[in-house]
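Student: structure for this input, please:
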Amino acid sequence: MKLIKINEVPEKGVSHNAKLRKRELISCGELGPVTTYSRAVFPPGEKAGAHAHADVAEVFTILSGAGEIRINDVAYVLAAGTTVVVEPGEVHEIINTGTADLVISYFGVLVPFENDSLNRWNVSK
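Tutor: Model (predicted):
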């Protein structure tokens, strides 16, 4: 069992943009195929630049603020209560288009490649 109080977790930078801050609640390797579980804060006008993960799906839930997510060059509106699943290989970026912080809770899940003979997490192929 692990009990985590988000306000006791130290803030750190996000690799996609040093102005973004996150509190990582679960780190890669702590819980099977979960690569991270974090809460990130995007100040107005900031973004996590376009990138893709070959073997990770990401799930983003908007807690507050407004923005957009671009997936494979298609823009989708983000508002509180919205959840978006980004599949492995999809190029995505998140942009705060509002005037207040965009606060997002997100996690990543390792998805083995089709030919992954180890299939370490017994994920269905």
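
Student: now do the same contact list for the spatially most central residue of the chain.
Tutor: The residue lying closest to the centre of the chain (C-alpha atoms, centre = their mean) is residue 106, at 4.1 Å. Contact partners of residue 106, counting by C-beta atoms under 8 Å, 6 or more residues apart in numbering, are 36, 37, 38, 39, 40, 58, 59, 60, 61. To be clear about C-beta, it is placed using only N, CA and C from the backbone, and glycine gets the same treatment.

Student: same list (these) but as TSV, adding neighbour count and secondary structure.
Tutor: Converted to TSV, the contacts of residue 106 look like this (neighbours: other C-beta atoms under 10 Å; DSSP: H, G, I helix; E, B strand; the rest coil):
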residue	neighbour count	secondary structure
36	18	strand
37	19	strand
38	19	strand
39	18	strand
40	23	strand
58	18	strand
59	14	strand
60	19	strand
61	16	strand
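
Student: nearest to residue 13, of those?
Tutor: residue 40 (10.1 Å; C-beta to C-beta).

Student: next, the closest residue to that closest one other than its chain neighbours: secondary structure please.
Tutor: Nearest residue to residue 40, sequence neighbours excluded (C-beta to C-beta, 6 or more residues apart in numbering): residue 22, at 4.2 Å. Residue 22 falls in the strand class when you classify it by DSSP: H, G, I helix; E, B strand; the rest coil.
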